[in-house]
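A.B. asks: Next comes the sequence, and after it the predicted model I'd like to discuss.
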Protein chains: 2
Amino acid sequence: MVVDKKEEIDSESSEQVVNPWEVSVKDDGRIDYDKIIDKFGCQRLDESLIDRVQRLTSRQPHVFLRRGVFFAHRDFNEILDAYERGDKFYLYTGRGPSSESLHLGHLIPFMFTKYLQEAFKVPLVIQITDDEKCIWKNLEPKDSKRLGRENVKDIIACGFDVTKTFIFSDFDNVGGAFYKNMVKVGKCAMAIYGFSGEDSIAKISFPPVQAAPSFPSSFPDLFPGKEKLRCLIPCAIDQDPYFRMTRDVAPRLGYNKPALIESSFFPALRGKNGKMSASDPNSAIYVTDTAEDIKKKINGAVSGGQDNKDDQNKYGANLEEYGEGRMLTGEVKKRLTQVLTEMVEKHRRARAAVTDEMVEAFMAARPLPSMFE
Amino acid sequence: MVVDKKEEIDSESSEQVVNPWEVSVKDDGRIDYDKIIDKFGCQRLDESLIDRVQRLTSRQPHVFLRRGVFFAHRDFNEILDAYERGDKFYLYTGRGPSSESLHLGHLIPFMFTKYLQEAFKVPLVIQITDDEKCIWKNLEPKDSKRLGRENVKDIIACGFDVTKTFIFSDFDNVGGAFYKNMVKVGKCAMAIYGFSGEDSIAKISFPPVQAAPSFPSSFPDLFPGKEKLRCLIPCAIDQDPYFRMTRDVAPRLGYNKPALIESSFFPALRGKNGKMSASDPNSAIYVTDTAEDIKKKINGAVSGGQDNKDDQNKYGANLEEYGEGRMLTGEVKKRLTQVLTEMVEKHRRARAAVTDEMVEAFMAARPLPSMFE
């Protein structure tokens, strides 16, 4: 039985809490990723592993690998071992549709997953957890589904290969073989995992929903006869507790443990929160922002000044960062504005070209014969 | 939010516990049903209500009503009010498939539900909770489904009208609109309802599965455009806590509360347990028992003697029952044997005639145009 308690799940000190439901950081807005790796017990994604990816895929590793955006993993080396022997695997990532339009932080796992799909030529399932957001954000199922569908268009715009990719909504897909795996996982996972008795049944019921796609038997239409296929999950580090539970449970069900490759958070433009957050528009650049919006946000960001006039009068600007050479100069801000504007405009054009027919094609339950070509 | 705690759910004194997961009784094997009604807060099914059923259906009320086997209810009077105004309702009952063959106690709700379906000419959904038994009995999903399918044949043998009846397995049916209602119910119900933090996620997740069929919107194929249809649930009294939660939650979802009509337990033939139990073969008469089995079980039952030779030597026979005229005489046992043998043989013939095609017909998701004729 999984006996994780809330205390053990959080990577927390007096200053830092990181779990799927909360990310709060130290007073200076920084996140101590070494401490998270220690606390969670995952492995650092080191240089030798990145070199190995380069050898196996015969292409330059993605910039998110080279720059340490994806910085931790679990059993990624085993996935590479298997790949080297000629065994395929599949990718699983997901999105909780909390807002109509995505910000750049949301695109990180999808940009990286697209690279993995192309480099390793493997199939991919993308879970839209519209049920999760209905439970946590007090949305009606129909509103959560609508947001999910809007998000799917942004995801498709990242350029996935429809012949190798299945995108699904939980509200549409939970049932049958998927539900059987939810029940199997739920039988092995204790309720005290990460919740208190004050939480709703729906919250406590959710972790098996996120666990199920880690097992190919949840998708009999997609992976017929491939029950032993291994799964690699690209995700942000805050999702680790869900998959730690999944990995604990897997051997008791006779299933392979999913492997993980985990990213740090996309830094917030301002404020005390360590990551871009959809609930704080000034912290984030949205894929719907105009060139002018982006310019204003970048110029107003990371200046060392306080968030508002009162705090600025009270505390003055924090010049430590500037003194240590870490503050962005006007020159750097200009270059950043240019790069992000191009990225956002490219995304906007791609998204405008996504039709309802394309959404249906990605979301159709189907055997995908070309998945393993 | 539902704030029921385990103490409040159980109808318990130092001697008596009744809830969906446990029925234990006083030392003399009797169950105090008046105390259950008080504790649960349901209503007694009185003579005037039974007379009203007779007037409205123009037929003699079922023997289980006349003899008080169904002895309690919630809002059954409102169902009759609506019926009198010309509004239809639908019936919902179910079965957790714990064993290959049913005993007579299991048939009680189905015999009574068949009467209600015929008398009121209303549609019926029957939930096979194969997921529940997989969770509580440590069965594999495939074994639980197989037991469920065997039980479905016994249920069909009770004589239900296929044009008005939908029988479904949770493992096959959870998903879509049904899952949406599970999430909605789960959001409103607190996890402390009836469980401790030591229970598995799967156990805590189950109550919304049993709640969902109380709402017609869980079955869009079955009840298109009939979202306001009221639901009447015939069940044994131990299931009341599930539906008390369901009734608490319903108004917050904009749904009608289901009404209930609740039975006492089928008395055990012997032993300290107050009801027939599939886990104690001597306590129960199975639908697969031969005439000889039944005769032996009846003759050995309720004799006042202890369950085994050691206890008999130690305590001797309990003759109190005999003294008060409650012990069955040889004459009564003979008549009982005859009645039950006829009932079991009739059931066996009916069950032998149930084909796989009939099972498919009852379990097919379909709009039922004749449901409201």
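C.D. replies: Right, received. Where do you want to start? Numbers count the residues shown, from 1 in each chain, chains lettered A, B, ... in the order given.

A.B. asks: make it CA atoms for all contacts and neighbour counts henceforth
C.D. replies: OK.

A.B. asks: Worst mean pLDDT across the helices and strands of chain A, which element?
C.D. replies: The weakest-scoring helix or strand in chain A, judged by mean pLDDT, DSSP states H and E, is helix A:6-9 (a mean of 40).

A.B. asks: what's the following helix or strand after that one?
C.D. replies: Moving toward the C-terminus from helix A:6-9, the next helix or strand (DSSP states H and E) is strand A:17-19.

A.B. asks: A:Arg74 - how many residues pack around it?
C.D. replies: 24 (other Cα atoms under 10 Å in any protein chain shown).

A.B. asks: Once you drop chain neighbours, what's closest to it?
C.D. replies: Distance criterion Cα to Cα, 6 or more residues apart in numbering or on different chains; nearest residue to A:Arg74, sequence neighbours excluded, is A:Leu260 at 4.9 Å.

A.B. asks: which residues touch the helix or strand where that neighbour lies?
C.D. replies: Assigned by DSSP H and E, A:Leu260 belongs to strand A:259-263. Residues outside strand A:259-263 that contact it (Cα atoms under 8 Å, 6 or more residues apart in numbering or on different chains): A:69-76, A:78-79, A:109, A:230-237, A:240.

A.B. asks: Just the buried residues of these.
C.D. replies: A:69-76, A:79, A:109, A:230-237, A:240 (16 or more other Cα atoms under 10 Å in any protein chain shown).

A.B. asks: how near is the residue nearest to A:Arg74 to A:Lys184?
C.D. replies: Going from A:Leu260 to A:Lys184 by Cα to Cα, to the nearest Å gives 21 Å.

A.B. asks: Tell me which of those two has more neighbours.
C.D. replies: Using other Cα under 10 Å, the more surrounded residue of A:Leu260 and A:Lys184 is A:Leu260, with 27 against 23.

A.B. asks: partner residues bridging the more buried one?
C.D. replies: Residues in a beta bridge with A:Leu260, per DSSP bridges, are A:Arg74, A:Ile233.

A.B. asks: measure it to chain B for me?
C.D. replies: Counting by Cα to the nearest Cα, to the nearest Å, the gap from A:Leu260 to chain B is 23 Å.

A.B. asks: Check A:Glu227 and give its pLDDT.
C.D. replies: Predicted confidence (pLDDT) for A:Glu227: 88.

A.B. asks: you'd agree it is in a strand?
C.D. replies: No - checked against DSSP: H, G, I helix; E, B strand; the rest coil, A:Glu227 lies outside a strand; its state is coil.

A.B. asks: what about it, neighbour count?
C.D. replies: 15.

A.B. asks: Please confirm that A:Ile31 is located within a strand.
C.D. replies: No - under three-state DSSP, A:Ile31 falls outside any strand and is assigned coil.

A.B. asks: For it, give its distance to B:Asn173.
C.D. replies: In terms of Cα to Cα, A:Ile31 sits 44 Å off from B:Asn173.

A.B. asks: In the stretch 251-373 of chain A, which residue sits closest to chain B?
C.D. replies: A:Leu253 (10.2 Å; Cα to the nearest Cα).

A.B. asks: I'd like the mean pLDDT over stretch A:83-101, please.
C.D. replies: For stretch A:83-101, mean pLDDT is 92.

A.B. asks: quick one: contacts of that stretch?
C.D. replies: For stretch A:83-101, using Cα under 8 Å, 6+ apart, the contacting residues are A:56, A:79, A:82, A:109-110, A:113, A:117, A:122-130, A:132-133, A:137, A:144, A:147-148, A:150-151, A:213-214, A:229-235, A:278, A:286-288, A:372.

A.B. asks: what's the distance between that stretch and the middle of its chain?
C.D. replies: Computed by Cα atoms, centre = their mean, to the nearest Å, the separation of stretch A:83-101 from the middle of its chain amounts to 9 Å.
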